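Q: Any chance you could fold what I've pasted below:
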Amino acid sequence: MRVIFWGARGSLPTSITAETIRQKIIQAFLEAQKTQLETREEIEQFVNGLPMSVRGSFGSNTPCVQVDCGDEYILLDAGTGIRDFSNHIMKSGQVSGNTFNIILSHLHWDHIQGFPFFVPSYIKGNKINFYGWHKDLEMAFRRQQQSPSFPVDFSDLGAEINFHTVEYPKKIMINDIEVSPFKQFHPGDSYGIRIDDGMKTVVYSTDAEHKKDAEGEDDYGFVQFFQDANLLIFDAQYKYIESIDTKENWGHSSNVIGVELAVRSKVDKLCLFHNEHTFNDYELEQSLIDAKNYAKIYDPDYELNIEMAYDGLEIEI
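A: Numbers count the residues shown, from 1 in each chain. Predicted coordinates:
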């Protein structure tokens, strides 16, 4: 199973300014002064050793994650990252005859706003299946392409498009792939998504705030839902203090809670996701460092692999 991140930001796409790039170049030159670089190979090796905040970027697109575990495409959410996925498909040469299964965690705009720019939807011969547990699933996609908001009406798309609204807590079967939902605390509700192919498990849990349940338990049922996952993609948009103070009840979580739930669930790899749109690359990198340090404190004996999601990240599990 392979997971590809096409969009990892939350709430809004994030622009990369000229000043941001200038500061990265300055920092790279300062680091380069510490060594002698003569060949291209040495330069490439040096660049690859720089922190992500200097050598690259955690990206700008809103949520879209590809899960490769069968003959058909599976996408989680349709934020602006789906446009980059679209470009990838168009460059592949197989522009028609594809089946795309798009599973929606919820219908907030940052999770659907990229679909009007999904080129395969304009091409006859392609098939698009939408899946979700919200009753307004079809309306949300049609509405954002209505005049005067967008020049091409949804009804004018060339692909065969089907909407499958599922009653919670029913599972979805995509060929031999089992997709299980978990209702999460978020304005308007969102659903965690657990994907099992019989050998590996990926859990996609974005747009979720973690509160105690009616019995006072602080796992809110998530430990069982995450249990033994090979990869947990987790909403870590806020700093912990924000999530329990100024941004309480906004429906998002933090790197700290992600670490705790991942360890308690015996997850192999934790990927911090739905990155705060106001954080720059240096702040996101620090959030990753803080998560790794906290994991060592929280349970020194548990080896939790932690990454920060970014546009273009590929994870083999």
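
Q: so where's the protein uncertain?
A: Residue ranges of the chain with pLDDT under 70: 213-220.

Q: what does whichever strand or helix holds R142 contact?
A: Element membership for R142, per DSSP states H and E: helix 137-143. Counting by CB atoms under 8 Å, 6 or more residues apart in numbering, helix 137-143 makes contact with L104, L107, I112, F115, F130, H134, S149, F154, S155, F163, T165, all of which sit outside it. All C-beta atoms are positioned from the backbone trio N, CA, C, and that covers glycine.

Q: Could you list which of those residues belong to strands?
A: Judged by DSSP state E, the contacts of helix 137-143 include F130, F163, T165 as members of strands.

Q: What is the most widely separated pair among the contacts of helix 137-143?
A: Greatest spatial distance in the contacts of helix 137-143: S149 and T165, 22.6 Å, computed using CB to CB.

Q: ok, V179 - contacts?
A: V179 is in contact with I103, Y131, K171, I172, M173, I193, R194, I195, counting by CB under 8 Å, 6+ apart.

Q: Check S155 too.
A: Applying CB under 8 Å, 6+ apart, the residues near S155 are R142.

Q: any idea how far S121 is from it?
A: 12 Å (CB to CB, to the nearest Å).

Q: Do me a favour and get the backbone dihedrals for D281.
A: Dihedral angles of D281 (phi, psi; degrees, to the nearest 10) stand at phi -60, psi -30.

Q: what do you get for V67?
A: According to degrees, to the nearest 10, V67 has phi -120, psi 110.

Q: just checking, it touches M1?
A: Yes. With contact defined as CB atoms under 8 Å, V67 and M1 form a contacting pair (6.9 Å).

Q: Identify the contacts common to those two.
A: Common contacts of V67 and M1 (CB under 8 Å, 6+ apart): V202.

Q: If you count surrounding residues, which of the two has more?
A: Comparing V67 with M1 by other CB atoms under 10 Å, the one with more neighbours is V67, at 27 against 19.

Q: Which residue, other than its chain neighbours, is closest to the more buried one?
A: Excluding its sequence neighbours, the residue lying closest to V67 (CB to CB, 6 or more residues apart in numbering) is I74, at 4.6 Å.

Q: what about K211, how many residues close to it?
A: For K211, the neighbour count with other CB under 10 Å is 11.

Q: before we move on, which element is it in?
A: Using DSSP H and E, K211 sits within no helix or strand.

Q: wait, it sits on G221?
A: No. At 11.0 Å, K211 does not count as touching G221 under the criterion of CB under 8 Å.

Q: Can you pull the phi/psi pair for L75?
A: phi -120, psi 140.

Q: I244 too?
A: Backbone torsions of I244, given as degrees, to the nearest 10, read phi -110, psi 0.

Q: what about the residue lying closest to V152 once chain neighbours are set aside, is that helix, strand or coil?
A: Of all residues not flanking V152 in the chain, Q145 sits nearest, at 6.3 Å (CB to CB, 6+ apart). Three-state call for Q145 (DSSP: H, G, I helix; E, B strand; the rest coil): coil.

Q: wait, Q145 sits on P116?
A: Yes. Using CB under 8 Å, Q145 makes contact with P116 at a distance of 5.4 Å.

Q: Do a quick rundown of the strands in the protein.
A: Using DSSP E, the strands of the chain run over 2-7, 64-68, 73-76, 99-103, 127-132, 160-165, 172-174, 177-184, 190-196, 201-205, 231-235, 269-273, 305-308, 314-316.

Q: Out of the ones you listed, which is the most enclosed?
A: strand 231-235 (a mean of 29; mean count of other CB atoms under 10 Å).

Q: Mind listing the strands it pairs with, and their directions?
A: Applying DSSP bridges to the sheet, strand 231-235 is found paired with strand 201-205 (parallel), strand 269-273 (parallel).

Q: Need the ones you listed in CSV (columns: distance to P13).
A: Putting the strands paired with strand 231-235 into CSV (distance: least, CB to CB, whole Å) gives the following:
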stretch, distance to P13
strand 201-205, 20
strand 269-273, 15
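
Q: Good, wrapping up.
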